[in-house]
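K.L.:
Turn this into a model:
(one chain, ligands or ions: 1)
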Amino acid sequence: MLELKNLTKTYRTGDKALQNVTLTIPKGQVMALIGPSGAGKSTLIRCINRLVEPTEGSVILDGTNITTLGTGALRRMRRKMGMIFQQYALVERLTVMENVLSGRLGYVGFWRSYLRKYPQADIDEAFRLLDRVGLLAMADKRADELSGGQRQRVGIARALIQNPRLLLVDEPTASLDPKTSRQIMRLICELCAERDLAAVINIHDVALAQMFVERIVGLKAGELAFDGKPTEMTEDVLTSIYGEEDWHATIREVDDEDTDIEDPAA
Ligand SMILES: Nc1ncnc2c1ncn2[C@@H]1O[C@H](COP(=O)(O)OP(=O)(O)OP(=O)(O)O)[C@@H](O)[C@H]1O
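P.N.:
Numbering: from 1, shown residues only. Here you go, the predicted model:
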């Protein structure tokens with residue numbers, strides 16, 4: 001379980017990016033974080049693993065207060081938080097397999113990973129994960145030979161090989177076409193369900209969030225503006241978060257009609 005208590009971040013510039021955000025995310029829950037540009041979504045995700053230091057408040061993961069951890073303990077705790085990024089953050093000249101195994105870096109130590117001497121159990125798990133995300137046949141390809149959707153699948157496998165307790169996902173579909181975006185969101189949500197894994201997904205596409213997640217949290221100017229089920233995300237709620245606009249076309253049916261078989265080539 002992840003608990004955010006009165007989380008506040010004021011940057012040195014004076015920007016109040018987060019103000020008193022209090023949230024509890026139970027084990028296994030996938031939560032989407034929406035809100036206009038500058039609302040504080042990235043800041044919130046980065047305060048959880050302290051890539052950004054919160055100014056006030058606390059972040060508690062499974063009973064451990066992350067906000068007070070020293071350097072070594074924080075490093076160990078970060079292993080428990082898998083991150084998935086918009087720009088994938090793969091090492092281009094390394095293979096798919098090597099990129100996935102790099103998720104074990106925090107466990108095997110620098111020299112062992114530099115010399116590519118990963119334990120057999122890690123290699124077996126990497127193959128299992130690549131199979132699960134539909135990329136087994138591409139294990140030996142270089143990352144720079146992959147499409148955007150394939151890269152994000154590698155990013156997902158790399159985060160999962162950490163065996164995290166929490167996934168922090170920052171705009172996972174921002175660089176992808178609509179169909180691939182749906183496939184990636186579905187994959188992330190399925191994997192969280194399979195592993196009883198909680199996730200916080202920062203996402204601009206409200207309709208996509210509505211299709212796949214069970215809870216949506218809206219931020220506006222650093223404050224909590226909505227917390228509810230996708231079906232409760234009405235036009236009025238969207239207006240209160242984003243301002244006046246015709247939201248009719250934005251809110252889609254929550255039913256996901258795209259039942260295509262996963263196409264790993266995407
Ligand atoms: N490193 C920083 N230094 C100073 N101000 C910052 C910094 N990072 C973010 N901010 C400010 O904090 C506020 C929240 O930014 P943040 O990037 O968290 O919003 P966001 O909701 O993720 O936006 P976007 O959807 O555009 O990525 C903004 O006013 C932004 O200008």
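K.L.:
Ranking helices and strands of this protein by mean pLDDT, which lands last?
P.N.:
helix 110-114 (a mean of 62; mean pLDDT, DSSP states H and E).
K.L.:
Can you name the residues of the chain that neighbour the ligand?
P.N.:
11, 13, 15, 17, 35, 37, 38, 39, 40, 41, 42, 43 (C-beta under 6 Å from any ligand atom). Backbone N, C-alpha and C define where each C-beta goes, glycine included.
K.L.:
Which of the three states applies to the second one?
P.N.:
Classification of residue 13 by DSSP: H, G, I helix; E, B strand; the rest coil places it in coil.
K.L.:
starting at the chain centroid, how far to the helix or strand containing residue 98?
P.N.:
Residue 98 belongs to helix 96-101 when elements are defined using DSSP states H and E. Distance of helix 96-101 from its chain centroid, counting by C-alpha atoms, centre = their mean, to the nearest Å, is 19 Å.
K.L.:
Show residues contacting it.
P.N.:
Outside helix 96-101, the residues that touch it by C-beta atoms under 8 Å, 6 or more residues apart in numbering are 90-91, 113, 116, 118, 122-123, 126-127, 129-130, 135, 138-143, 146, 154, 157-158, 161.
K.L.:
What residues sit buried inside it?
P.N.:
96, 97, 98, 99, 100, 101 (16 or more other C-beta atoms under 10 Å).
K.L.:
cool, and stretch 235-243?
P.N.:
Buried, per 16+ other C-beta under 10 Å, within stretch 235-243: 237, 238, 241, 242.
K.L.:
What residues sit buried inside stretch 160-167?
P.N.:
Neighbour counts over stretch 160-167 (16+ other C-beta under 10 Å) mark 160, 161, 162, 164, 165, 166, 167 as buried.
K.L.:
Could you do stretch 189-206 as well?
P.N.:
For stretch 189-206, the neighbour count (16+ other C-beta under 10 Å) marks 189, 191, 192, 197, 198, 199, 200, 201, 202, 203, 205, 206 as buried.
K.L.:
Columns pLDDT on top of the residues you listed, output as JSON lines?
P.N.:
Shown next, in JSON lines, are these (pLDDT from 0 to 100):
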{"residue": "189", "pLDDT": "96"}
{"residue": "191", "pLDDT": "96"}
{"residue": "192", "pLDDT": "97"}
{"residue": "197", "pLDDT": "97"}
{"residue": "198", "pLDDT": "97"}
{"residue": "199", "pLDDT": "97"}
{"residue": "200", "pLDDT": "97"}
{"residue": "201", "pLDDT": "97"}
{"residue": "202", "pLDDT": "96"}
{"residue": "203", "pLDDT": "94"}
{"residue": "205", "pLDDT": "92"}
{"residue": "206", "pLDDT": "92"}
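K.L.:
So which of those residues sit within strands?
P.N.:
198, 199, 200, 201, 202 (DSSP state E).
K.L.:
Just give me the neighbour total for the nearest residue to the fourth one once chain neighbours are set aside.
P.N.:
What it means is residue 201. In this structure, residue 201 finds its nearest non-sequential neighbour in residue 169, 4.2 Å apart by C-beta to C-beta, 6 or more residues apart in numbering. Residues lying near residue 169 (other C-beta atoms under 10 Å) number 27.
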